[in-house]
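Engineer: sequence and predicted model, in that order:
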Amino acid sequence: QVQLVESGGGLVQPGGSLRLSCAASGSIFSIYNMGWYRQAPGKQRELVASITNGGSTNYADSVKGRFTISRDNAKNTVYLQMNSLKPEDTAVYYCNADGVALMTRRLDNYWGQGTQVTVSA
């Protein structure tokens, strides 16, 4: 199986920055698209940013120009650099990946456990 472990969340003041990391581990055959979603209280989970294994990126309009997604394919790790944070960015951030495990040789979608990001003065 493939496990995704996020790190880097926390409390930050408006205008501040945070960097989230998500490492895929386990019996991995290959990792393809990776991305970050977020879910605020009372709201649906939404896509924040995604990146293909070739490096093509996609962003939600609300974070364009402020957030940057990147990845290290050798480490099966995806990052989300978040700058100019706003209170409305407060949410649980989830890592997501499409991957193939060695045992199954099947393309599955995986989720991390989530990391809290709170933007508040």
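Structural biologist: Cool, the structure landed. Numbering: from 1, shown residues only.
Engineer: residues of the strand or helix carrying residue 98 that come out buried?
Structural biologist: Applying DSSP states H and E as the criterion places residue 98 in strand 91-101. Neighbour-count burial for strand 91-101, counted by 16 or more other CB atoms under 10 Å, picks out 91, 92, 93, 94, 95, 96, 97, 98, 99, 100, 101. C-beta coordinates here come from the backbone N, C-alpha and C atoms, glycine included.
Engineer: swap in stretch 84-92?
Structural biologist: 85, 89, 90, 91, 92.
Engineer: start to end distance for that stretch?
Structural biologist: 18 Å (CA to CA, to the nearest Å).
Engineer: so what touches that stretch?
Structural biologist: By CB atoms under 8 Å, 6 or more residues apart in numbering, the list of residues contacting stretch 84-92 from outside reads 12, 14-18, 38-40, 43, 62-63, 66, 82, 114-120.
Engineer: sheet partners, orientation included, of the strand holding residue 98?
Structural biologist: Applying DSSP bridges to the sheet, strand 91-101 is found paired with strand 28-39 (antiparallel), strand 107-111 (antiparallel), strand 115-119 (antiparallel).
Engineer: let me have those strands in a markdown table, extended by mean neighbour count, mean pLDDT and distance to residue 50.
Structural biologist: Listed next are these as a markdown table, based on neighbours: other CB atoms under 10 Å; pLDDT from 0 to 100; distance: least, CB to CB, whole Å:
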| stretch | mean neighbour count | mean pLDDT | distance to residue 50 |
| --- | --- | --- | --- |
| strand 28-39 | 19 | 95 | 3 |
| strand 107-111 | 13 | 95 | 12 |
| strand 115-119 | 18 | 98 | 17 |
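Engineer: as CSV, these with distance to residue 47 would be great.
Structural biologist: Shown next, in CSV, are those (distance: least, CB to CB, whole Å):
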stretch, distance to residue 47
strand 28-39, 6
strand 107-111, 13
strand 115-119, 15
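Engineer: and those strands: which comes nearest residue 77?
Structural biologist: Checking the strands paired with strand 91-101 against residue 77 by CB to CB gives strand 28-39 as the closest, at 8.6 Å.
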